[in-house]
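Enquirer: Generate a structure from the sequence data that follows.
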Amino acid sequence: MKAPSLHYLLLATGLALPTTTLAQNELSNFTATGRGGVINTFAQDYQAIGINPANLGRAGQSVFAFTIGEVGAGAASQSLSKSLVNKIISEQSTALSAADRVALLSSFADKNALNLNVDATALAFSVSLPAGLGGLALSTRQRFNSHLAMNQNAADIVINGRNAAIVKQYYDPTTGAYLAGSTPPPLLSDVLDGTALQMALTNEFNISYGNQVLNLVAFKLSAGVGYRYIQGIGIADVRVSGGEFYGYSALAPAFNVNYGAIVRNPNFNYRDGARFQTVGSGNGFDVGLAAEVGKALRLGASVTDLGQMSWDGNVLTATDQPLRRIESQGLQTYDVIQEVANLFDNKDGTLFKYEANKERKQALPAKLRLGAGFRLSELFEVGLDVTMPLNKVAGNLPSTFVGAGLDFKPMHWLRLSTGVSGGAGYKAALPLGITFATEHYEAGISSRDVTGYFREKSPYYSVALGFLRFKFGAKS
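Expert: Okay, the predicted model is just below:
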């Protein structure tokens, strides 16, 4: 892979602001981000897409609502210092000193070394249907998610290349020759145990529907379903744990992978057209329930991203194999993304050896979402969300997310949001959001963790913003 192309793609989609971790798709919702991701019972109108489609059947929805260009991004590390993260983001050309190498090596060996997320909702709208037929919402969205976890050997290989301690045990760092008398090289499943290198870039086209199915004096229940057609632009998923090795990739021409002679393999569907030509497609489904108990309590439960992707272009599979010689000299500058990207080249002297595949089917990053919300008064509303990953595929959360959020309206045109959240690859976070709202218009900006910008340890950069959200009418 010609890493600079991937490097600048990542910068364009998120590194300039700050994986999974692997993104929670509410990052593009500036109101939810200000509550630390608490959204299951708060989501209204098109915001219910991908969260809980049953909310479209609740009373109080706008007759018509739409937005243009809501975007959110985040990056965090539980092991890198703020200084190192800033250098990786903005000082890629700075040469590494010996001390720099030691600092990076000691920091990158962590299960949450680096998590990057970008969500962008280009267009979304919703409409309340007449005659009590519920609500319908549509959207188009782009998602980029990345999660980097490395054990000591993996971090050493990325940073020091052929001079990594594990490599030098078996191969001469100058000539690459196998060292006579040494034991056979270990399998990658042993060398990289505890390592995960994951990235997913997709386009989504969503439609969701919800309607009220039960209307009692003190209890109302709504149900909803959602469907999305997904275009796959790129995926890379390498996971090594407990003696098991799992790895494959399918990357669009924008990633500039050098496939070499494998393009002539009859089992390889080579895509070399437009830079963002799709290399896969899939279908996803959401289901949900939303209950209102009395006038103050709301409950929500949903399962999102059921379904699968079919990757059918530029598909390569890496299998467990003995540690190979490595040509790379490791990092020379702070351009860590470039060196990680080099691991996905298909040539001699790289860490992985790949096999060509015509197609690979992969489950979507399914999640179980549970939420509760309580309206204390016209001024205050609080909520609690729990989101649990149902599988470990690229694009999913690495662990359960838990958040508690608060909305406060000191004035009719101003809403302040905050709370506390943790999990999903992040430590405890203090969110903050500001939304300016009139009867028909909303705009705001928020952060999942305002303290993360200033912490030297475990930095967390996140931002979400939207300036073109409109609402008209109100369904009773």
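Enquirer: Test my guess that Gly134 contacts Ser208.
Expert: No - applying C-beta atoms under 8 Å, one finds Gly134 not in contact with Ser208, separated by 10.3 Å. For glycine as for every other residue, the C-beta is placed from the backbone atoms N, C-alpha and C.
Enquirer: which residues do the two both contact?
Expert: Leu56, Gly224 (C-beta atoms under 8 Å, 6 or more residues apart in numbering).
Enquirer: Comparing those two, which shows the higher neighbour count?
Expert: Shown here are Gly134 and Ser208; by other C-beta atoms under 10 Å, Ser208 has more neighbours (27 against 22).
Enquirer: Following the strand or helix carrying the more buried one in sequence, what is the next regular element?
Expert: Here Ser208 sits within strand 195-215, counting by DSSP states H and E. Sequence-wise, the next helix or strand downstream of strand 195-215 (DSSP H and E) is strand 219-241.
Enquirer: So what are the sheet partners of that next one and their directions?
Expert: Neighbouring strands of strand 219-241 in its sheet, by DSSP bridges, are strand 195-215 (antiparallel), strand 244-251 (antiparallel), strand 280-293 (antiparallel).
Enquirer: Give me the distance from that strand to the chain's centre.
Expert: Relative to its chain's centre, strand 219-241 lies at 11 Å (C-alpha atoms, centre = their mean, to the nearest Å).
Enquirer: Then stretch 202-212?
Expert: 19 Å.
Enquirer: Same check on stretch 448-464?
Expert: Distance, centroid of stretch 448-464 to centroid of chain: 17 Å (C-alpha atoms, centre = their mean).
Enquirer: Stretch 413-433 too?
Expert: For stretch 413-433, the distance to the chain centre is 17 Å (C-alpha atoms, centre = their mean).
Enquirer: Could you pull up the mean pLDDT of it?
Expert: For stretch 413-433, mean pLDDT rounds to 87.
Enquirer: Same question for stretch 290-310.
Expert: 95.
Enquirer: repeat for stretch 265-275
Expert: Here the average pLDDT along stretch 265-275 is 88.
Enquirer: What residues sit buried inside that stretch?
Expert: Residues of stretch 265-275 classed as buried by neighbour count (16 or more other C-beta atoms under 10 Å): Phe268, Asn269, Arg271.
Enquirer: want to throw these into CSV with distance to Val71 and secondary structure?
Expert: Listed next are the buried residues of stretch 265-275 as CSV, based on distance: C-beta to C-beta, whole Å; DSSP: H, G, I helix; E, B strand; the rest coil:
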residue, distance to Val71, secondary structure
Phe268, 35, coil
Asn269, 32, coil
Arg271, 27, coil
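Enquirer: Among those residues, find me the one that's closest to Gln44.
Expert: Arg271 (39.7 Å; C-beta to C-beta).
Enquirer: can you tell me which residues contact the closest residue to that closest one other than its chain neighbours?
Expert: Nearest non-adjacent residue to Arg271, counting by C-beta to C-beta, 6 or more residues apart in numbering: Gly313, 3.9 Å away. Contacts for Gly313 (C-beta under 8 Å, 6+ apart) come out as Ala250, Ala252, Asn269, Tyr270, Arg271, Gln277, Thr278, Val279, Gly280.
Enquirer: Next one: Gly313 from Thr33, what distance?
Expert: Distance, Gly313 to Thr33, by C-beta to C-beta, to the nearest Å: 33 Å.
Enquirer: Helix, strand, or coil at Met309?
Expert: Per DSSP: H, G, I helix; E, B strand; the rest coil, the secondary structure class of Met309 is strand.
Enquirer: Check the burial of it by counting its neighbours.
Expert: Met309: 26 neighbours (other C-beta under 10 Å).
Enquirer: That one is in contact with Gly280, isn't it?
Expert: Yes - using C-beta under 8 Å, Met309 makes contact with Gly280 at a distance of 5.4 Å.
Enquirer: where are the low-confidence patches of the protein?
Expert: Scanning the chain with the threshold set as pLDDT under 70 gives 1-28, 341, 344-348, 425, 475-476.
Enquirer: what ranges do the helices span in it?
Expert: 3-10, 30-33, 82-90, 98-108, 152-160, 165-168, 188-191, 336-342 (DSSP state H).
Enquirer: closest one to Leu384 among these?
Expert: Going by C-beta to C-beta, the one of the helices of the chain nearest Leu384 is helix 30-33, 13.4 Å.
Enquirer: Any chance you could list what contacts the closest one?
Expert: Taking C-beta under 8 Å, 6+ apart as the rule, helix 30-33 contacts 26-27, 38-39, 42-43, 47, 70, 72, 415, 417, 431, 433, 435, 442, 444-448, 462-466.
Enquirer: swap in stretch 294-303?
Expert: Stretch 294-303 is contacted from outside by 40-41, 51-55, 218, 224, 286-293, 366-376, 390, using C-beta under 8 Å, 6+ apart.
Enquirer: what do you get if the cut-off is 7 Å, keeping everything else the same?
Expert: 40-41, 51-52, 54, 218, 286-293, 366, 368-375 (C-beta atoms under 7 Å, 6 or more residues apart in numbering).
Enquirer: Filter those down to the buried ones, PyMOL style.
Expert: Isolation of the buried members of the contacts of stretch 294-303 (16+ other C-beta under 10 Å) is achieved in PyMOL through the command below:
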select buried, resi 40+41+51+52+54+286+287+288+289+290+291+292+366+369+370+371+372+373+375
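Enquirer: residues near Ala180, how many?
Expert: Ala180 sits with 6 neighbouring residues when counted by other C-beta under 10 Å.
Enquirer: actually Leu214, sorry about that
Expert: Residues near Leu214, counting by other C-beta under 10 Å: 10.
Enquirer: repeat for Val213
Expert: 14.
Enquirer: which residue packs closest to it, ignoring adjacent ones?
Expert: Ala223 (5.1 Å).
Enquirer: Can you name the residues that contact that neighbour?
Expert: Taking C-beta under 7 Å, 6+ apart as the test, what Ala223 contacts is Ala54, Gly57, Gly210, Asn211, Val213, Leu289.
Enquirer: so how far is Ser126 from it?
Expert: From Ala223 to Ser126 the distance is 17 Å (C-beta to C-beta).
Enquirer: Then Asp172?
Expert: 64 Å.
Enquirer: what about those two, which has more around it?
Expert: For Asp172 versus Ser126, neighbours defined as other C-beta under 10 Å are more numerous around Ser126 (26 against 14).
Enquirer: If I follow the layout properly, the more buried one ends up in contact with Thr67?
Expert: No - look at Ser126 against Thr67 with C-beta atoms under 7 Å: they stay out of range, at 9.6 Å.
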